[in-house]
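Student: Next come a sequence and a model predicted from it.
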Amino acid sequence: MGAMTSSLAAKFAFFPPTPPSYAIVKDPSTGRLRFDSIAPQDHVDVLLIDTRRRQQVAAMFVRNPRARLTLLYSHGNAADLGQMHDLYVELAHMLRVNLMGYDYTGYGASTGKPSEADTYADVEAVMTCLQQRYSIGAEQVVLYGQSVGSGPTVDLASRTPNVRGVVLHSPIASGVRVLYEVKHTYWFDIFPNIDKLPKVECPVFVMHGTSDEVVDVSHGQMLVDACKRPFEPLFLEGGHHCDLEFFPEYLRCLRKYISYLVQHPPVPQPDLPRKAKKRPGWGTPLTAIRSFVTPNRHRHPSGTASAPATPVGSFSSSSSASLPTSNGNASPAASLSADDSSSSSAAPNPRTRSWKLRALSPAFRFSPSTWRDARRKKGEEGGEEGQGAEQEALGVAGVSQGKAPGGAASAAAASAAAAVAAPAVNGQAGEGNSSAAAAAGGGVANTGHTVAAPEVAAMAGEVGSSQ
């Protein structure tokens with residue numbers, strides 16, 4: 001779509017002289033390039049410059065020994081270097097500047113077909129030639145754009161922050177705005193100078209004729225309003241599109257602008273370090289969370305490992321040992337332990353009390369649905385042995401199912417068992433003090449299978465006897 005739009009715009013926007021008014025030949029005596037129809041001059045160099053779009057553009061450089069600035073002139077439509085040669089030589093002499101003029105791709109002796117993208121590449125290649133061949137930096141260059149030449153001029157100025165100045169001669173706000181009065185720039189528009197000009201940092205001098213029948217004077221007024229640093233504009237009464245050079249104000253105001261640039265050199269800007277862009281994503285926050293949620297990752301400044309934190313997926317001693325479900329039974333997901341060996345001596349970590357932080361850790365990936373599916377599958381495979389294999393596979397030391405409806409002894413025994421992360425018993429415990437010992441891990445389940453440690457059973461018995 002972009003290539004088709006560019007080709008259509010080229011048919012309506014560019015009108016190269018046919019046939020060209022000149023040709024470039026090599027002088028056999030000197031070996032220098034010259035125009036075939038123009039007498040060679042010592043202070044004029046004729047060049048062929050390669051562009052990044054694999055085209056070759058014709059250019060001419062007029063030297064002035066008293067010059068302090070260089071004018072890079074982008075001419076208007078329906079013109080080429082053969083027609084602009086005398087004006088370039090005269091301007092270089094009257095303004096005391098060097099002047100570099102060139103033909104766009106498809107104009108004069110330049111190769112290829114004209115397009116918007118090629119004009120941008122052309123002016124960029126000419127600027128590079130000034131810097132490399134003539135050692136003229138951007139801070140010594142004044143960009144001059146006439147009519148359609150204002151497009152590549154403003155584009156280069158918006159991408160070259162240290163250029164010295166910009167002159168816009170009968171400029172266009174954009175290609176579509178020449179034909180229609182629109183308030184917005186459309187995607188198919190060409191040379192959107194109105195949008196690029198606010199990016200230009202140097203002083204901008206705009207001149208336009210009030211009787212311009214090709215590009216209305218409102219274009220010049222809009223561009224003056226869009227400038228960040230506008231120089232005093234020149235709106236010539238009765239001036240047309242191609243005759244501003246014949247007005248005496250033209251040369252006088254140009255001299256005034258050049259003198260202003262010479263007397264006010266640009267202030268060098270310090271090279272400030274750029275801020276590093278933050279990489280998007282959740283990598284850093286999750287890493288910070290896991291560093292204190294996941295057990296056995298805390299280390300002292302000395303390099304030795306600290307005491308392991310409360311395992312992920314289990315509550316601290318101040319919380320209940322299990323999460324109640326809707327049917328009144330304890331949820332097994334609340335008693336999951338990530339580290340069986342260290343859970344018995346782990347001190348409660350207040351930072352792991354938040355359920356949200358534990359849920360963010362990869363060690364806590366269980367939900368009621370996955371738990372029920374695992375139990376159903378294991379139950380079908382082997383009953384009690386399947387349940388034991390299920391607990392071992394999921395890394396669960398023990399799950400307390402049901403509740404002990406006994407007295408204070410059972411509650412104290414359950415708290416003691418939760419504090420040391422002791423395993424629980426499958427099935428429902430009995431009544432009274434015996435139920436407390438069974439719930440703490442010292443009794444026998446309804447199936448008759450003992451899974452608790454003797455120390456925990458003895459502790460539960462002592463608590464029960466004291467009650």
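Tutor: Now that the structure is in, tell me what you want to look at. Note that the structure is a prediction, hence the values are computed from the model and not measured.

Student: Tell me how far Val200 lies from Ser259.
Tutor: 20 Å (CB to CB, to the nearest Å). Glycine gets a C-beta too; all of them are placed from N, C-alpha and C.

Student: Looking at these two, which one has more neighbours?
Tutor: Neighbours were counted for Val200 and for Ser259 using other CB atoms under 10 Å; Val200 has more, 25 against 12.

Student: Surely that one and Ala226 touch.
Tutor: No. Contact between Val200 and Ala226 fails when scored by CB atoms under 8 Å: they sit 9.2 Å apart.

Student: any residues in contact with both of the two?
Tutor: By CB atoms under 8 Å, 6 or more residues apart in numbering, Val200 and Ala226 have no common neighbours.

Student: residue ranges with poor pLDDT in the stretch 151-300 of the chain?
Tutor: By pLDDT under 70, the low-scoring segments of the stretch 151-300 of the chain are 267-300.

Student: So which residues of it form strands?
Tutor: In the stretch 151-300 of the chain, the strands defined using DSSP state E, counting those that start in this stretch lie at 165-169, 204-209, 234-236.

Student: Name the stretch among those strands that sits most buried.
Tutor: Sort those by mean neighbour count, taking mean count of other CB atoms under 10 Å, and strand 165-169 sits at the top with a mean of 27.

Student: Give me the residues contacting that strand.
Tutor: Around strand 165-169, the neighbours that count as contacts under CB under 8 Å, 6+ apart are 69, 71, 76, 142-147, 149-150, 153-154, 157, 193, 200, 202-207, 220, 223, 244, 254, 257, 261.

Student: and if you look at stretch 154-162?
Tutor: Stretch 154-162 is contacted from outside by 120, 123-124, 127, 137-139, 143, 145, 163, 166, 168, 171, 191, 193, 196-197, 199-202, 266, using CB under 8 Å, 6+ apart.

Student: Any of these buried? List them.
Tutor: 120, 123-124, 127, 138, 143, 145, 163, 166, 168, 171, 191, 193, 196-197, 200-202, 266 (16 or more other CB atoms under 10 Å).

Student: The residues you listed in helices, which ones?
Tutor: 120, 123-124, 127, 193, 196 (DSSP state H).

Student: Could you export the residues you listed as CSV, including distance to Ala109?
Tutor: Below are these laid out as CSV (distance: CB to CB, whole Å):
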residue, distance to Ala109
Tyr120, 20
Val123, 17
Glu124, 19
Met127, 20
Asn193, 27
Lys196, 29
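
Student: Widest-spaced pair of these?
Tutor: Across these, no pair lies farther apart than Met127 and Asn193, at 17.8 Å, counting by CB to CB.

Student: And stretch 15-22, end to end?
Tutor: Stretch 15-22 has an end-to-end distance of 16 Å (criterion: CA to CA, to the nearest Å).

Student: Let me see the mean pLDDT of it.
Tutor: Taken as a whole, stretch 15-22 has a mean pLDDT of 94.

Student: Only the buried residues of it, if you could.
Tutor: Taking 16+ other CB under 10 Å as the basis for neighbour counts, the residues of stretch 15-22 that come out buried are 16-17, 20-22.

Student: what do you get for stretch 88-95?
Tutor: When burial is assessed from 16+ other CB under 10 Å, stretch 88-95 yields the following buried residues: 88-89, 91-92, 95.

Student: got a list of what Tyr257 touches?
Tutor: For Tyr257, the contact set (CB under 8 Å, 6+ apart) comprises 165, 167, 203, 205, 231.

Student: okay, now Asp216: neighbour count?
Tutor: The number of residues packed near Asp216 is 17, by other CB under 10 Å.

Student: helix/strand/coil for Gly31?
Tutor: Secondary structure state of Gly31, per DSSP: H, G, I helix; E, B strand; the rest coil, is coil.

Student: What separation is there between it and Asp50?
Tutor: 19 Å.

Student: Leaving out sequence neighbours, find the closest residue to Ala109.
Tutor: Distance criterion CB to CB, 6 or more residues apart in numbering; nearest residue to Ala109, sequence neighbours excluded, is Ala58 at 4.1 Å.

Student: so what's that neighbour up against?
Tutor: The contact partners of Ala58, by CB under 8 Å, 6+ apart, come to 24, 46-49, 81, 102-103, 108-110.

Student: How about Pro171?
Tutor: Here Pro171 is in contact with 145-147, 150, 154, 193, 206, 208, 215, 219-220, 223 (CB under 8 Å, 6+ apart).

Student: now Pro152
Tutor: Neighbouring residues of Pro152 by CB under 8 Å, 6+ apart: 74, 104, 119-120, 122-123, 145.

Student: More neighbours: which of Gly31 and Asp50?
Tutor: The neighbour comparison of Gly31 against Asp50 (other CB under 10 Å) goes to Asp50, with 14 against 7.

Student: Tell me how far that one lies from Gln56.
Tutor: Computed as CB to CB, the Asp50 to Gln56 distance reads 6 Å.

Student: What of His169?
Tutor: Going from His169 to Gln56 by CB to CB gives 26 Å.

Student: correct me, but Cys202 touches Phe231?
Tutor: No. In this structure Cys202 lies outside contact range of Phe231 using CB under 8 Å: 9.6 Å.

Student: is it true that Leu99 lies in a strand?
Tutor: Yes. Counting by three-state DSSP, Leu99 is found in a strand.

Student: So what's the residue count around it?
Tutor: Counted with other CB under 10 Å, Leu99 comes out at 26.

Student: so it sits right up against Tyr88, yeah?
Tutor: Yes. Shown here, Leu99 and Tyr88 form a contact pair, counting by CB under 8 Å, at 5.1 Å.

Student: For the two, list the residues in contact with both.
Tutor: Common neighbours of Leu99 and Tyr88, counting by CB under 8 Å, 6+ apart, are 62, 73.

Student: quick one: Tyr144 from Tyr257, how far?
Tutor: In terms of CB to CB, Tyr144 sits 10 Å off from Tyr257.

Student: same thing with Val126?
Tutor: Val126 is 21 Å from Tyr257, by CB to CB.

Student: need the buried residues of stretch 15-22 in TSV with secondary structure and distance to Arg177, can you?
Tutor: Formatted as TSV, the buried residues of stretch 15-22 follow (DSSP: H, G, I helix; E, B strand; the rest coil; distance: CB to CB, whole Å):
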residue	secondary structure	distance to Arg177
Pro16	coil	23
Pro17	coil	25
Pro20	coil	30
Ser21	coil	30
Tyr22	coil	33
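
Student: From these, pick the one nearest Ser115.
Tutor: Pro16 (11.9 Å).

Student: Give me the nearest residue to the closest one, chain neighbours excluded.
Tutor: Nearest residue to Pro16, sequence neighbours excluded (CB to CB, 6+ apart): Tyr107, at 4.3 Å.
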